[in-house]
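*Asks:* Quick one, what's the 3D model for this:
(one chain, ligands or ions: 1)
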Amino acid sequence: MSVKALKGFKDIVPGEVETWQFIEQTARDIFRRFDFAEIKVPILEKTKLFIRSIGETTDIVEKEMYTFADRNGSSLTMRPEGTAPVLRAYIENGLHAKKAVQKLYTIGPMFRHERPQKGRLRQFHQMSVEVLGSDLPRVDAEIMAMAWLILKELGLTASLEINSLGCKKCRPGFNAALLDFLNQTEDLCDDCLRRRETNPLRVLDCKSANCQKQYENAPSILDHLCDGCQDHFKAVEEGLEVLAVPYKVNSFMVRGLDYYTRTTFELVTDAIGAQSAIGAGGRYDGLVKQLGGPDVPGIGFAMGIERLVLLLDQQEDRPKPVPDLFVVALGESAQKKGFAITHAARQAGLTVTMDHQDRSLKNQMKQAGRAAASFALIIGEDELANGQAVLRNMDNREQTDVAIVDDVKAWAGEIVSKIG
Ligand code: HAM
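*Replies:* Coordinates of the predicted model:
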């Protein structure tokens, strides 16, 4: 019996991987333009890092983490998200002392033991950014504009929803008002009844239609913000307006992680089914300190690559990468020449394919066609004898000769100049 991949874990095979590369390259280019630096952090961390940051009563910590005892008995967790590991690395490597404002991004796999469905995997991939060291509302607007630009350059649209979750000062007042409301609301689902006791804010995220209907009358956090949080939120809105980023205020948006303060946001779409959030983030002032670092504010977001792929797959086919050149060589001497020119042409920057099995001309030309190569370089016995290989344009079938010379670098240069 063959061994299969785990449920919720997926291979990304040729044919699919090109879309992934397009997404990552587009994002990396934008990160560079916004002056963000890449950071790579481990997949495995001590479990307490996530409990302390994401929050003990969140779904992620309560039921979704891949946690196990190491051989020496210490509890380890496969990262369910990237913010906590990046913050740990920021503190541990003293990055705060190197730059007052650190702008970091990371791309990689995350792990959550959720029920797999379209757009929801157990191993999924995020592109995430964190800005550490600034509490200015313009930074909030700037990173939302960056997320929006990534979507735009990918050719996608989504709607940006924003909210403020207040701060240590004003959140308790809202929590009390919400609890009051919940205590007067009958007919809550079991999950909400439980959350009412442990983490009341999270009830607003309930998926039950009945609960949601009742929450239409719930108090709004935006009515409970302190002056500081109100000013901050207003300035974020102004920033988005200056940058002409369209957004909508959604005062019922709460996030699945407990570390957020003030600004939170989500990029949502109705084009890929139930898993509508293609990116999300927010501010987490106080979290770096809570993890044992200096008292610096922070904000970030993450985009789910699988969900971006689903959106892109709905579009018309983008051109697939094809070889520039297929080297067709017949007979041992020609194969040897072909072998050398293949390597030289690759060094000169071309994408080159060659079949080393010395099959018939017909067979090799068929392979070149199947690979959709732009050109074929044909070296047979006649070509060897008269010192001229044939360069064939596979689209219009035009052929030109290219002199076979011992200096393969010069030969490759000649081919590059003819291919244009
Ligand atoms: P999150 O909302 O948990 O936030 O995840 C961010 C994004 O990751 C989601 O919007 C979604 O696109 C994708 N995602 C999450 N879970 C899955 C899954 N099971 N399968 C496929 N895609 C998924 C965070 O993780 C925060 N660390 C974001 C952040 C960074 N906040 C501040 N900085």
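*Asks:* Show me which residues of this protein sit near the ligand.
*Replies:* With the criterion set to Cβ under 6 Å from any ligand atom, the chain comes near the ligand through 81-83, 112, 114, 119-121, 124, 126, 128, 130, 256-257, 277-282, 300-304, 306-307. Yep, even glycine has a C-beta here, placed from its N, CA and C like the rest.
*Asks:* Need the contact partners of stretch 154-162.
*Replies:* Here stretch 154-162 makes contact (Cβ atoms under 8 Å, 6 or more residues apart in numbering) with 22-23, 26, 144, 147-148, 151, 236-237, 240, 245-250, 253, 263-269, 278-279, 308, 311-312, 315.
*Asks:* ok but residue 143 is inside a helix, no?
*Replies:* Yes: Residue 143: assigned to a helix according to DSSP: H, G, I helix; E, B strand; the rest coil.
*Asks:* Just the pLDDT at it, thanks.
*Replies:* You'll see residue 143 listed with a pLDDT of 98.
*Asks:* Contact partners for it?
*Replies:* Applying Cβ under 8 Å, 6+ apart to residue 143 gives the contacts 129, 131, 281, 299, 300, 301.
*Asks:* Show the residue spans covered by the helices in the stretch 51-200 of the chain.
*Replies:* Ranges of helices within the stretch 51-200 of the chain are 59, 83-92, 95-98, 137-154, 171-183, 190-198, based on DSSP state H, counting those that start in this stretch.
*Asks:* can you list those in TSV and add distance to residue 68?
*Replies:* Listed next are these as TSV, based on distance: least, Cβ to Cβ, whole Å:
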stretch	distance to residue 68
helix 59	19
helix 83-92	17
helix 95-98	29
helix 137-154	33
helix 171-183	34
helix 190-198	25
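*Asks:* Show me the one of the ones you listed that comes nearest residue 373.
*Replies:* Minimum separation from residue 373 across those (Cβ to Cβ) falls at helix 137-154, 27.9 Å.
*Asks:* Strands along the stretch 251-400 of the chain, start to end?
*Replies:* 261-268, 277-283, 298-304, 325-329, 352-354, 375-379, 388-393, 399-403 (DSSP state E, counting those that start in this stretch).
*Asks:* mean confidence for the third one?
*Replies:* In other words, strand 298-304. Here the average pLDDT along strand 298-304 is 98.
*Asks:* do the fourth one as well
*Replies:* The predicted model assigns strand 325-329 a mean pLDDT of 98.
*Asks:* quick thing: my sequence starts at 35, can you match it?
*Replies:* With the count now opening at 35, the last piece we talked about shows up as strand 359-363.
*Asks:* Who does that strand pair with, and is each partner parallel or antiparallel?
*Replies:* If you go by DSSP bridges, strand 359-363 pairs up with strand 386-388 (parallel), strand 409-413 (parallel).
*Asks:* And the contacts of it?
*Replies:* Strand 359-363 is contacted by residues 369, 371-373, 375-376, 379, 384-388, 392, 395, 398-399, 401-402, 405, 407-414, 428, 449, 453 when judged by Cβ under 8 Å, 6+ apart.
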